[in-house]
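A.B. asks: Quick check, what structure comes out for this input:
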Amino acid sequence: MPSLSRRFDAVICDIDGCLAPESTAPMDAPALARIAEYNTRAQSVGDRPVVTLCSGRPQPFVEALCRLLHNTSVPCVAENGVWLFDPRDSRFLIDPTITDAHLDAIEEAEHWVRYELGPRGVVIQPGKAASLSIWHPDTTMLKAMQPRLREEFARRGWPLRVSATVAWINCDLEHVSKASGVRRLVAETGLTRERLAGIGDMPSDQAIADNVGYFACPVNADATLSKNAHYVSPRHEVLGVLDILERLAG
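C.D. replies: Residues are numbered from 1 along each chain as shown. Below is the predicted model:
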């Protein structure tokens, strides 16, 4: 896959806040089509890095966007490292360190959230296999639940890490993350850190930044992440991603 005509072989890009809005607003389809054209050229001419994905979204969502973006050659990280989707042969690879005991703990935690928090209007994002993402229309109230979740998980011995995005609380296995997912992507492809670029917007995307040779952000990125980026685009979300990709082409 390495090409002498390009500096980087792949760009590992977050989805929410980068390729899509953090809200439920529509995606910018024409902008995504431009990235698909970019990827088509990257994989045929080889003068630019291939755009792949690293997201907390469920695997089917990530796979669909991977296909939309015409990525046929570089695995995507889904569910904060739980899955790799490999478009080269349509493989779905769960992190091999996830055990039946881990899956049992996830199931028990999900039952507890539904029973204890469901009556308060908390819902669980569908489609996840080895993690939980919970949502409530009152984001302030949702974020205030984090200490209770951490306390309950610790009390019951569930090995789950609690973190927040703009509108969600993620409950992930402690040893699984975007960082472990990116390391598995590298192992599957033979790519090197020096020839990888990354794009993100939230503090959790530091896991991408720490495993690539070049990292950039759209202007809407959290300041704790963007302050150490190699480049911060003056444009928002997917338009910022396109600006970054133009800098990486050639």
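A.B. asks: ranges for the helices of the chain?
C.D. replies: For the chain, the helices defined by DSSP state H cover 29-44, 59-68, 100-116, 139-143, 146-156, 178-189, 206-209, 223-226, 237-248.
A.B. asks: want to throw the ones you listed into JSON lines with distance to Leu84, mean neighbour count and mean pLDDT?
C.D. replies: The way it works is simple: take the backbone N, C-alpha and C, and place the C-beta from them, glycine included. Output for those, formatted as JSON lines (distance: least, CB to CB, whole Å; neighbours: other CB atoms under 10 Å; pLDDT from 0 to 100):
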{"stretch": "helix 29-44", "distance to Leu84": "18", "mean neighbour count": "16", "mean pLDDT": "97"}
{"stretch": "helix 59-68", "distance to Leu84": "9", "mean neighbour count": "18", "mean pLDDT": "98"}
{"stretch": "helix 100-116", "distance to Leu84": "17", "mean neighbour count": "15", "mean pLDDT": "97"}
{"stretch": "helix 139-143", "distance to Leu84": "29", "mean neighbour count": "13", "mean pLDDT": "93"}
{"stretch": "helix 146-156", "distance to Leu84": "26", "mean neighbour count": "14", "mean pLDDT": "97"}
{"stretch": "helix 178-189", "distance to Leu84": "6", "mean neighbour count": "20", "mean pLDDT": "96"}
{"stretch": "helix 206-209", "distance to Leu84": "14", "mean neighbour count": "22", "mean pLDDT": "96"}
{"stretch": "helix 223-226", "distance to Leu84": "23", "mean neighbour count": "15", "mean pLDDT": "95"}
{"stretch": "helix 237-248", "distance to Leu84": "21", "mean neighbour count": "21", "mean pLDDT": "97"}
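A.B. asks: out of the ones you listed, nearest to Ile15?
C.D. replies: helix 59-68 (6.5 Å; CB to CB).
A.B. asks: list the helices and strands that closest one packs on?
C.D. replies: Counting contacts by 3 or more CB pairs under 8 Å, 6 or more residues apart in numbering; DSSP states H and E, helix 59-68 is packed against strand 50-53, strand 76-78, strand 83-86.
A.B. asks: Can I get the first one as PDB, trimmed to CA atoms?
C.D. replies: As requested, the backbone C-alpha atoms of strand 50-53 are provided in PDB (Å, rounded to 0.1, in the frame of the first residue of the first chain):
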ATOM      1  CA  VAL A  50      -6.900   7.000   1.700                       C
ATOM      2  CA  VAL A  51      -9.500   8.300   4.100                       C
ATOM      3  CA  THR A  52     -10.700   5.700   6.600                       C
ATOM      4  CA  LEU A  53     -12.700   6.000   9.800                       C
END
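A.B. asks: out of the helices and strands packed on helix 59-68, nearest to Glu194?
C.D. replies: Evaluated over these, closeness to Glu194 peaks at strand 50-53, with 16.1 Å, by CB to CB.
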